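> Could you work out the structure for the sequence below:
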Amino acid sequence: QVHLVESGGGLVQPGGSLRLSCVASGYTLNHFTIGWFRQAPGKEREGVSCISRSDGNTYYADSVKGRFTFSKDVASNTVYLEMNSLIPEDTARYFCAAAGNSFSCASFYETPEYWGQGTQVTVSS
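Alright, predicted model coming up:
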């Protein structure tokens, strides 16, 4: 059973930083494609970042490129989303997700299989 647990969300002022964590259990990170989504009230879900198993690269949505960094620690089966220079538009619930049958980020964004419960990020002064 794949289980994902996020943490690290909170309230931060514009320009501030947060680091989200997602601990995975029930599988080994390298056997799944894993990434982050976010969803704000009244908006569609957005794929934020993904580590592709097809080419090993990390991909970011244009809205977060240069500000967010996605990394993984295979030893602890944990992935992180370091978020800097936060803006109010980053306010959303952030979800960690994984897929065993997707190797590219494009495929992963369409059909994630497993989800965490999410963690709320609010950027406000």
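> residues in contact with Ser125?
Taking C-beta atoms under 8 Å, 6 or more residues apart in numbering, we find Ser125 in contact with 13-14. (Glycine included, C-beta is placed from N, CA and C.)
> what about Val121, distance to Ala92?
The gap separating Val121 from Ala92 is 6 Å, by C-beta to C-beta, to the nearest Å.
> Overlap of the contact sets of these two?
Joint contacts of Val121 and Ala92 (C-beta under 8 Å, 6+ apart) are Arg38.
> which residue is nearest the centroid of this structure?
Here the mean C-alpha position of the chain is nearest to the C-alpha of Trp36 (C-alpha atoms, centre = their mean), at a distance of 2.0 Å.
> Centre of the chain to the helix-or-strand element of the chain with minimal mean pLDDT, how far?
Within the chain, confidence by mean pLDDT, DSSP states H and E is lowest for helix 105-110 among all helices and strands, at a mean of 93. Distance, stretch centre to chain centre, for helix 105-110: 13 Å (C-alpha atoms, centre = their mean, to the nearest Å).
> which secondary structure elements does whichever helix or strand comes after it contact?
Next helix or strand after helix 105-110 toward the C-terminus (DSSP states H and E): strand 114-115. For strand 114-115, the elements it packs on are strand 3-7, strand 92-99, judged by 3 or more C-beta pairs under 8 Å, 6 or more residues apart in numbering; DSSP states H and E.
> Many thanks, I have nothing further to ask.
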